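>>> this one's sequence-less:
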C-alpha cells in the first residue's frame, strides 16, 4: 500500500534484507532514503534485549503453537512476542488478535502505554465478508470509517483481514494517508506466492492451489476456511510440529472442515502420523498415504473430479524433502503444470 502511494518504504527484517542495511543506508545518505520501514521481527530476534527498537505500529497477526522446541511454553512464546510493544507509548499503535488468553496476559504490563486495536473486535477492525467491507473503530485515533474490499484480488477471509490490517497500519504510521487514498490500492494488492495461490485450472476442470506457506495446522485451517466454493483434495504432510507436552500434532482440529471435501492425501516424514491422527478421530472422507509430494500429487489427480480443487496446504515444515516452503511450492506448481512429467517423458523418449 505504501509503495503504491509513493511512500519510500524499506521492506525487510526476518523475511529478507536485514534492518541494519536500512540503518546503514540512512546513515550514509545525505537525503532521507526511506519515509517508512515495514519489518518482520521474529520471536528469536525479540529475545535479544534492545533499548532502541520502538515501532510506530506493531502487529501480531496471530499466536498459535510454534517454535515451542525453543520457547518451551505458549506463555513464554507470547511474552517474548509481546516484547515488540515494550517501548511503545502515546499514539503508537499495537494491533492484536482478539480473544487469545496468552496475548491478553502478556500485554497486561503495556495496557496503558500505547493505543490498542483488536483484530475482529472493538476498538479495532471487523470485516463484513458478505459486504466485503472493513469497519475501523479506534477511538484513540478518532478513527471511525469503512474501507471497501470488494476489489481485492485474493481468496480467503484471512486475506481480507490482512488487507484491512495493512490499511490500519498505514493509517497508524501518520504519514498523511487516509482511507480514500488507501481505497485506490486495493485492486492492486495480491497475495504473495505460495499463500493460497491459484496456479491454474487444468484440462480436466481441476483447479490447483498452492498454499505451501501453511507450515502449521492453524495456517491450514485458515486456508480451508477461505476455500469453501469447491470440493478439495487436500495435501497434508512434511515435517509436523509437536504442539503440546502430550505429543499432539493438532491435525484433529481439521476434521470438521475436511469432512465437507473430496479427500485427503498425506505425504512426507510425518505423513503416516497425520493419517493415523485423522483416522483415529473418525475422518469421514477418503484419506490416502503417499511417500512424497510427487506421489501425493499423483494420488490427488486420480481422486479429484471436474470442478474440484487440489490444495497443497501441508500444515508442516518442509525440511524433510525441500529447502524451504518456497522450494516445496515451486515443485508443486511444476507438478500442477505438468512440467516435471513432460521432462521425464522427454528424457525417456
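Received, thanks. All figures in this text were calculated on a predicted structure; none of them were measured in a lab. Numbering: from 1, shown residues only.
>>> Not counting sequence-adjacent ones, nearest residue to residue 118?
In space, and not counting its chain neighbours, residue 118 is closest to residue 124: 3.5 Å by Cβ to Cβ, 6 or more residues apart in numbering. Every residue, glycine included, has its C-beta placed from N, CA and C.
>>> what about residue 204, distance to residue 306?
According to Cβ to Cβ, to the nearest Å, residue 204 and residue 306 sit 6 Å apart.
>>> actually residue 174, not the one I typed
Per Cβ to Cβ, residue 174 is found 52 Å from residue 306.
>>> and these two? which has more neighbours close in?
Set side by side, residue 174 and residue 306 give different neighbour counts by other Cβ atoms under 10 Å, the larger being at residue 174 (13 against 9).
>>> How many residues are close by residue 36?
18.
>>> Quick check: closest non-adjacent residue to it.
Spatial nearest neighbour of residue 36, chain neighbours left out: residue 9 (4.9 Å); criterion: Cβ to Cβ, 6+ apart.
>>> Number of residues surrounding that neighbour?
17.
>>> doesn't residue 33 make contact with it?
No. Counting by Cβ atoms under 8 Å, residue 9 does not reach residue 33; the two are 10.2 Å apart.
>>> Now do the helices in this structure.
Assigned by DSSP state H, the helices in the chain fall at 19-28, 43-46, 68-71, 74-81, 101-106, 157-172, 179-183, 217-226, 255-258, 271-280, 293-303, 325-336, 339-348.
>>> ok, of those, where does mean pLDDT dip lowest?
Comparing mean pLDDT across those, the weakest is helix 339-348, with a mean of 54.
>>> Figure out which of the helices of the chain is closest to residue 119.
helix 157-172 (6.4 Å; Cβ to Cβ).
>>> And the contacts of the closest one?
For helix 157-172, contacts defined as Cβ atoms under 8 Å, 6 or more residues apart in numbering pick out 1-2, 5, 56-57, 59, 61, 92-93, 95, 117, 119-120, 124-125, 127, 129, 132, 134, 136, 138, 141, 143, 147, 149, 152, 154, 177-179, 182, 186, 189, 191, 195-196, 222-223, 225-226.
>>> Make a ChimeraX selection of whichever of these turn out to be buried.
Per 16 or more other Cβ atoms under 10 Å, the buried members of those correspond to this ChimeraX selection:
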select :1,2,56,57,59,92,93,95,117,119,124,125,127,134,136,138,141,143,147,149,152,154,177,179,182,186,189,191,195,196,222,223,226
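>>> Tell me who's in contact with residue 106.
With contact set as Cβ under 8 Å, 6+ apart, residue 106 has these partners: 75, 78, 79, 81, 82.
>>> Between those, which sits nearest residue 331?
Within these, proximity to residue 331 (Cβ to Cβ) peaks at residue 81, which comes in at 31.3 Å.
>>> Any idea how many residues pack against the closest one?
The tally of other residues near residue 81 (other Cβ under 10 Å) stands at 23.
>>> That one contacts residue 61, doesn't it?
No. Using Cβ under 8 Å, residue 81 is not in contact with residue 61; the gap is 10.6 Å.
>>> how many neighbours does the closest residue to residue 70 other than its chain neighbours have?
Of all residues not flanking residue 70 in the chain, residue 44 sits nearest, at 7.1 Å (Cβ to Cβ, 6+ apart). Counted with other Cβ under 10 Å, residues neighbouring residue 44 total 12.
>>> Wait, residue 44 touches residue 69, no?
No. At 11.8 Å, residue 44 and residue 69 do not qualify as touching, with contact defined as Cβ under 8 Å.
>>> Brilliant, that's me finished.
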